[in-house]
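Visitor: build me a model:
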Amino acid sequence: MVSQEQRRRQLAREKYLRQQQRRTDARRKARIRNSVIASVLGVVVVLSVSVYLTKPFEDDGKKENAGADVTPSASPSKAPDPCEKPAPGKVKSETWKKEPAMTIDKSATYTMKLDTTCGEIDIALKASAAPHTVNSFNFLLGKGYLDHSKCHRLTNQGIYVLQCGDPQGTGMGGPGYTIPDENLKDKSLRGGVYPAGTVAMANQYNAQTKQGRDSGGSQFFLVYKDSQLPPDYTPFGTVSEAGMKVLKKIAAAGAQAPDQTGNTAPNATVVINKATVAKS
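Guide: Next up, the predicted model:
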């Protein structure tokens with residue numbers, strides 16, 4: 001017969017095992033859903049970053065190893081919100097099955113303008129070096145795809161970026177198609193650094209498994225301070241001087257604590273009221 005003390009220990013062990021299983025499940029789901037910008041590999045003190053293209057995964061089991069496991073967290077801050085209220089309107093939910101046909105002039109000059117609640121951010125696009133990426137944004141923004149969408153992630157430790165481009169505002173949205181990686185040997189990417197002002201694509205590339213190339217969608221990040229990153233993310237634009245002031249204002253307001261998906265949202269209410277691409 002099992003003694004009362006043995007039964008107590010058995011119940012305690014079973015409770016512990018259940019807690020461990022719940023924690024394991026939570027970590028697994030967070031890896032799948034999280035819009036990861038960076039991964040720090042402490043064994044050899046090597047920084048290896050995987051920025052997710054975060055469209056919803058249909059099969060959790062198949063996608064469990066889609067990217068890195070560790071995210072540098074932002075430092076929570078309660079600075080006042082420096083931005084205005086969003087303009088009225090709803091986010092588009094349309095998706096497409098394949099990349100749009102090439103319609104841009106690769107030799108022309110294009111500018112992407114983000115009219116945000118925090119100010120205007122102008123981005124000079126690299127049409128000749130990243131034609132698929134620029135063509136995709138020209139198509140999407142012509143459809144009003146990012147209008148009224150939130151910039152859902154701000155990191156201020158390890159790397160310094162604001163991530164936008166997900167109409168869902170969760171880090172899991174995308175246009176339904178993917179585009180190829182481009183311009184990974186851009187001369188601006190020296191010494192494993194994406195300099196301040198760089199605008200680059202998020203994707204699902206995993207440097208450890210070498211899988212996930214050509215997985216960009218609509219999510220992108222804007223670098224507001226030089227950031228140590230491997231050249232795995234398509235650099236397709238450069239923020240104007242005035243736009244950098246807006247980015248730094250957003251960054252100065254800090255980031256919230258991680259939510260259930262691991263996202264560290266900016267304290268600032270960063271909403272893209274209108275996004276456009278113009279040829280000049």
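Visitor: which ones are touching the nearest residue to residue 108 once chain neighbours are set aside?
Guide: Nearest residue to residue 108, sequence neighbours excluded (Cβ to Cβ, 6 or more residues apart in numbering): residue 279, at 5.3 Å. Placement of C-beta: from N, CA and C, glycine included. Residue 279 is in contact with 104-105, 108-110, counting by Cβ atoms under 8 Å, 6 or more residues apart in numbering.
Visitor: now residue 104
Guide: Contacts of residue 104 (Cβ under 8 Å, 6+ apart): 110, 127, 131, 134-135, 138, 279.
Visitor: does the closest residue to it other than its chain neighbours count as helix, strand or coil?
Guide: Nearest non-adjacent residue to residue 104, counting by Cβ to Cβ, 6+ apart: residue 135, 4.7 Å away. Residue 135 carries the three-state label helix when classified by DSSP: H, G, I helix; E, B strand; the rest coil.
Visitor: count the residues that sit near residue 135.
Guide: 22 (other Cβ atoms under 10 Å).
Visitor: do residue 105 as well
Guide: 12.
Visitor: thought it was touching residue 127?
Guide: Yes - shown here, residue 105 and residue 127 form a contact pair, counting by Cβ atoms under 8 Å, at 7.3 Å.
Visitor: mind listing the strands for the stretch 151-280 of the chain?
Guide: 153-157, 159-164, 193-194, 198-201, 220-223, 227-228, 235-239, 271-279 (DSSP state E, counting those that start in this stretch).
Visitor: between the ones you listed, which one is nearest to residue 14?
Guide: Minimum separation from residue 14 across the strands of the stretch 151-280 of the chain (Cβ to Cβ) falls at strand 153-157, 38.1 Å.
Visitor: just the buried positions in the closest one, please.
Guide: 153-156 (16 or more other Cβ atoms under 10 Å).
Visitor: could you find the lowest-pLDDT member of those?
Guide: Confidence by pLDDT is poorest for residue 156 among those, given 93.
Visitor: partner residues bridging that residue?
Guide: For residue 156, the beta-bridge partners under DSSP bridges are residue 160.
Visitor: how near is it to residue 267?
Guide: According to Cβ to Cβ, to the nearest Å, residue 156 stands 11 Å off from residue 267.
Visitor: low-confidence regions, the stretch 51-200 of the chain specifically.
Guide: 51-78 (pLDDT under 70).
Visitor: could you redo the last one with a cut-off of 90?
Guide: 51-80 (pLDDT under 90).
Visitor: still on that earlier bit, please report how far the residue nearest to residue 108 lies from residue 200.
Guide: Look at residue 279 and residue 200: by Cβ to Cβ, they are 22 Å apart.
Visitor: what does residue 103 give?
Guide: 22 Å.
Visitor: can you check residue 239 too?
Guide: Using Cβ to Cβ, we find residue 239 at a distance of 11 Å from residue 200.
Visitor: out of the two, which sits in the busier spot?
Guide: Ranked by neighbour count (other Cβ under 10 Å), residue 239 and residue 200 place residue 200 first, with 28 against 23.
Visitor: please name the bridge partners of that one.
Guide: As for beta bridges, residue 200 partners with residue 221, residue 235 under DSSP bridges.
Visitor: tell me, how many residues neighbour the nearest residue to residue 132 once chain neighbours are set aside?
Guide: Once flanking residues are discounted, residue 132 sits nearest to residue 179: 4.8 Å by Cβ to Cβ, 6+ apart. As a burial measure, residue 179 scores 24 neighbours (other Cβ under 10 Å).
Visitor: quick one: the residue nearest to residue 104 and residue 105 touch, right?
Guide: No - here residue 135 does not reach residue 105: they are 10.0 Å apart, not a contact under Cβ under 8 Å.
Visitor: sorry, back to before: greatest separation within the contacts of residue 279: which pair is it?
Guide: 104 and 109 (10.7 Å).
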